[in-house]
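Trainee: Model the structure of this input:
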Amino acid sequence: MFSVDGMNVTSGLPSEPLTGPNQILADSMGIVMGTSHHEPMGRNKEEWDQGGKGPWDWTNKDVMKKWWEYGAERAKGVETMFTMGMRGDGDSGLEGASKELLEGEHLPCGLMRLS
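Mentor: Here you go, the predicted structure:
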């Protein structure tokens, strides 16, 4: 479920990470929202198409990390299950991905990848 469902985002996403009304309603009903491996850290590809910068790819990791931090900030105060994997555009393989590229990287929420 898209975390800003129920918000008017026709002129773009809010600059401040705001929790969407559907996520607030779900939380009040005891429903934990989450996203899939193609929508990591509470963000999704449709949002990226609307306001992302550069390729949807780990080779763009500095931008991606900031993008995901916004998703985590947006979910403050409501229960959310975060997916921490990433798939390529259109749920394809991730361009430029390799075990070597990911080893030793820090995950967006500050956790370190364990070998």
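Trainee: Could you pull out the strands in the chain for me?
Mentor: Taking DSSP state E as the test, the strands found in the chain are 33-34, 80-81.
Trainee: partners of the first one, with directions?
Mentor: Going back to what we said before, that points to strand 33-34. Using DSSP bridges, strand 33-34 pairs in its sheet with strand 80-81 (parallel).
Trainee: Deepest-packed of the strands of the chain, please.
Mentor: Most buried of the strands of the chain by mean neighbour count (mean count of other C-beta atoms under 10 Å) is strand 33-34; its value is a mean of 17. For every residue, glycine as well, the C-beta is placed using N, CA and C.
Trainee: got the contact list for that one?
Mentor: Identification of contacts with strand 33-34 by C-beta atoms under 8 Å, 6 or more residues apart in numbering yields Met1, Ser3, Gln23, Ala26, Asp27, Ala75, Val78, Glu79, Thr80, Met81, Phe82, Thr83.
Trainee: Right, I'll call it a day here.
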